[in-house]
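Trainee: 3D model of this:
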Amino acid sequence: MSAMKLFSAFLIGAVFGIGILISGMANPAKVINFFDVAGTWDPSLLLVMVAALVTAMVGYRVVFARPAPQFSDRFHTPQSTQIDAPLVLGSAAFGLGWGIAGFCPGGAIPALAIGRIEPVLFVVAMAVGMAIAKAIRPSALGGMVTSSS
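Mentor: Alright, predicted model coming up:
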């Protein structure tokens, strides 16, 4: 992997992490309050998700207008668009874990920087869950590119 590709991935990850921390999405109480529509509902997560979706939609339009990515010969996109039982069950498990813990992976990884044990435990448990899922269903990576290309 080239140095520029690694630097680009680092820079993009840093921008994402800073955004997660600034928006408060690394705070599990904020996430749990979003799901508590009958109690202390906090709609700010919805604003963050909508802003992220709009930004990503514009970004994808710009990026996919190019013939190839900057650091690869082709775009590596999922090949399957099928909605099947593993996708639905995995999505439900993801949502359940997100709702119980108040962390999603996008918020938990940057939350490691705040120095509390909760995100560490969540990330370790998430890694264990991913390892179990991969052992049960080797295709759990869903066509994810694992080569160094």
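Trainee: how close does residue 6 sit to residue 19?
Mentor: When distance is defined by C-beta to C-beta, to the nearest Å, residue 6 is 21 Å away from residue 19. In this view, the C-beta of every residue, glycine as well, is placed from N, C-alpha and C.
Trainee: when the two are compared, which one has more neighbours?
Mentor: Per other C-beta atoms under 10 Å, whichever of residue 6 and residue 19 has more neighbours is residue 19, with 16 against 11.
Trainee: need the per-residue pLDDT for residue 46.
Mentor: At residue 46 the predicted local confidence, pLDDT, stands at 90.
Trainee: same question, the one 4 residues further on
Mentor: You'll see residue 50 listed with a pLDDT of 94.
Trainee: that one: neighbouring residues, count only.
Mentor: 10.
Trainee: likewise for the one 3 residues further on?
Mentor: Other residues near residue 53 number 10, with proximity taken as other C-beta under 10 Å.
Trainee: residue 102 now?
Mentor: 23.
Trainee: list the contacts of it.
Mentor: Contact analysis of residue 102 by C-beta atoms under 8 Å, 6 or more residues apart in numbering lists 27, 28, 29, 30, 31, 32.
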